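# Mind folding the following:
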Amino acid sequence: MGTARKLCKLSKWKFLEELAKRGIERHYTEKELEEDIKYACGD
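Numbers count the residues shown, from 1 in each chain. Got it, this is the predicted structure:
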């Protein structure tokens, strides 16, 4: 996702929104979940 997102010049969240709009499923790893939880908690 990182390379495609950077090529599109979109934020991570905007890129995810665009994938969802187009019905494109994304593989979400446990590591990514942990990172997102840390981010949401302000760590």
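# Ile37: neighbour count?
By other CB atoms under 10 Å, the residues close to Ile37 number 10. Glycine gets a C-beta too; all of them are placed from N, C-alpha and C.
# ugh, wrong one, Leu19
Neighbours around Leu19, by other CB under 10 Å: 15.
# hang on, it packs against Trp13?
No: the criterion here is CB atoms under 8 Å, and Leu19 misses it with Trp13 at 10.8 Å.
# how near is the nearest residue to Arg26 once chain neighbours are set aside to Cys41?
Of all residues not flanking Arg26 in the chain, Leu19 sits nearest, at 5.6 Å (CB to CB, 6 or more residues apart in numbering). For Leu19, the distance to Cys41 equals 24 Å [CB to CB, to the nearest Å].
# what's the answer for Lys9, then?
If you go by CB to CB, the gap between Lys9 and Cys41 works out to 28 Å.
# now swap in Glu17 and tell me
Plainly put, Glu17 is 22 Å away from Cys41 if you go by CB to CB.
# What strand or helix carries the residue nearest to Arg26?
helix 12-21 (DSSP states H and E).
# residue boundaries of the helices in this protein?
For the chain, the helices defined by DSSP state H cover 2-8, 12-21, 30-40.
# Among the ones you listed, show me which one is buried the most.
helix 12-21 (a mean of 12; mean count of other CB atoms under 10 Å).
# what does it rub up against?
Applying CB atoms under 8 Å, 6 or more residues apart in numbering, the set of residues contacting helix 12-21 from outside is 1, 4-5, 8, 10, 25-26.
# pLDDT of it, averaged?
On average, the pLDDT along helix 12-21 is 90.
# Quick one: work out the angle between it and helix 30-40.
Orientation check (axes from the mean of the first three to the mean of the last three CA atoms, to 10 degrees): helix 12-21 against helix 30-40 gives 130 degrees.
# thinking in terms of the whole chain, how far from its middle is helix 12-21?
Helix 12-21 has its C-alpha centroid displaced from the chain centroid by 7 Å (CA atoms, centre = their mean, to the nearest Å).
# Run a quick neighbour tally on His27.
For His27, the neighbour count with other CB under 10 Å is 6.
# Convert the C-alpha atoms of the helix holding Leu19 to PDB, please.
The C-alpha coordinates for helix 12-21 follow below in PDB (Å, rounded to 0.1, in the frame of the first residue of the first chain):
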ATOM      1  CA  LYS A  12      -3.000   6.900   4.400                       C
ATOM      2  CA  TRP A  13      -6.600   7.500   5.500                       C
ATOM      3  CA  LYS A  14      -7.700   9.100   2.200                       C
ATOM      4  CA  PHE A  15      -6.100   6.200   0.300                       C
ATOM      5  CA  LEU A  16      -8.000   3.700   2.400                       C
ATOM      6  CA  GLU A  17     -11.300   5.700   1.800                       C
ATOM      7  CA  GLU A  18     -10.600   5.500  -1.900                       C
ATOM      8  CA  LEU A  19     -10.000   1.800  -1.800                       C
ATOM      9  CA  ALA A  20     -13.300   1.300   0.100                       C
ATOM     10  CA  LYS A  21     -15.200   3.500  -2.400                       C
END
